[in-house]
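Colleague: following is a predicted model, sequence given first.
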Amino acid sequence: MAAKAHLRNGRPVVIALSTNDGLSASAENIARLLNRKHFYFVPFGQDDPEKKPNSLQADFSLLGAAVEAALEGKQLQPILRR
């Protein structure tokens, strides 16, 4: 409901991924959100490529910077990190 209210008012929604299937079943939905207006992501990368090859994890140290960029209507770059 909070995300819906933000979108209705033209405010940014910031998403910080933490998923074990980001590069498999969830990849299509993540891609859709990457292309939508008012959705911004905390930069993310693979959590453990060897043991969890489909896992994605946001770099939570960049959360504040991602929120600041989103409030300016910008996506913090690069979005895909190591």
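Modeller: Thanks, I have it. Residues are numbered from 1 along each chain as shown.
Colleague: surely residue 73 touches residue 11?
Modeller: No. With contact defined as C-beta atoms under 8 Å, residue 73 does not reach residue 11; the gap is 10.5 Å. (Glycine included, C-beta is placed from N, CA and C.)
Colleague: do you know the pLDDT at the residue lying closest to residue 71 once chain neighbours are set aside?
Modeller: Counting by C-beta to C-beta, 6 or more residues apart in numbering, residue 71 lies nearest to residue 12, which is 6.4 Å off, once chain neighbours are set aside. Listed pLDDT for residue 12 reads 94.
Colleague: and the residue nearest the centre of the chain, what does it touch?
Modeller: Centroid-nearest residue in the chain: residue 41, 2.8 Å away (criterion: C-alpha atoms, centre = their mean). Shown in contact with residue 41 (C-beta atoms under 8 Å, 6 or more residues apart in numbering): 14, 15, 16, 17, 33, 34, 58, 66, 75, 76, 79.
Colleague: quick one: it from residue 50, how far?
Modeller: Per C-beta to C-beta, to the nearest Å, residue 41 is found 24 Å from residue 50.
Colleague: just residue 68 next, same as before
Modeller: Taking C-beta to C-beta as the measure, residue 68 falls 34 Å from residue 50.
Colleague: who has more neighbours, those two?
Modeller: residue 68 (12 against 6; other C-beta atoms under 10 Å).
Colleague: report the secondary structure state of that one.
Modeller: Three-state call for residue 68 (DSSP: H, G, I helix; E, B strand; the rest coil): helix.
Colleague: okay, it and residue 41: tell me how far apart.
Modeller: 14 Å.
Colleague: ok, now residue 22?
Modeller: With distances taken as C-beta to C-beta, residue 22 is found 11 Å from residue 41.
Colleague: repeat that for residue 9.
Modeller: Distance of residue 9 to residue 41, computed by C-beta to C-beta: 20 Å.
Colleague: go on, residue 66?
Modeller: When distance is defined by C-beta to C-beta, residue 66 is 7 Å away from residue 41.
Colleague: need the residues touching each of the two.
Modeller: 14, 16, 76.
Colleague: out of those residues, which sit inside strands?
Modeller: residue 14 (DSSP state E).
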